[in-house]
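[1] Need coordinates for the following:
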Amino acid sequence: MLAIVAAIVFAIALLFDLADVSSDAFNYETLVTLGLLLIALHLAGVGVGTSWRGRRRR
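    Here you go, the predicted structure:
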């Protein structure tokens, strides 16, 4: 789920960069940093629906 959100953030960042849109709160660098953070959280396993503690081999 976080990877999909990161892809959307990267798409918005690309549109901002292509259109030269810049505001104080959200600019190209901020959106790229947010996208990289979301991908890092996704790769770290944050937001995964299954729990490793709950799974046992029988």
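[2] how near is residue 3 to residue 20?
    Here the distance between residue 3 and residue 20 works out to 28 Å (C-beta to C-beta, to the nearest Å). Yep, even glycine has a C-beta here, placed from its N, CA and C like the rest.
[3] now do residue 28
    Relative to residue 20, residue 28 is positioned 9 Å away (criterion: C-beta to C-beta).
[4] Let me see the ranges of the helices in the protein.
    Residue ranges of the helices in the chain, as given by DSSP state H, are 2-19, 28-44.
[5] With mean pLDDT and mean neighbour count added, can I get those helices in JSON lines?
    What follows is these, written out as JSON lines (pLDDT from 0 to 100; neighbours: other C-beta atoms under 10 Å):
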{"stretch": "helix 2-19", "mean pLDDT": "86", "mean neighbour count": "15"}
{"stretch": "helix 28-44", "mean pLDDT": "87", "mean neighbour count": "15"}
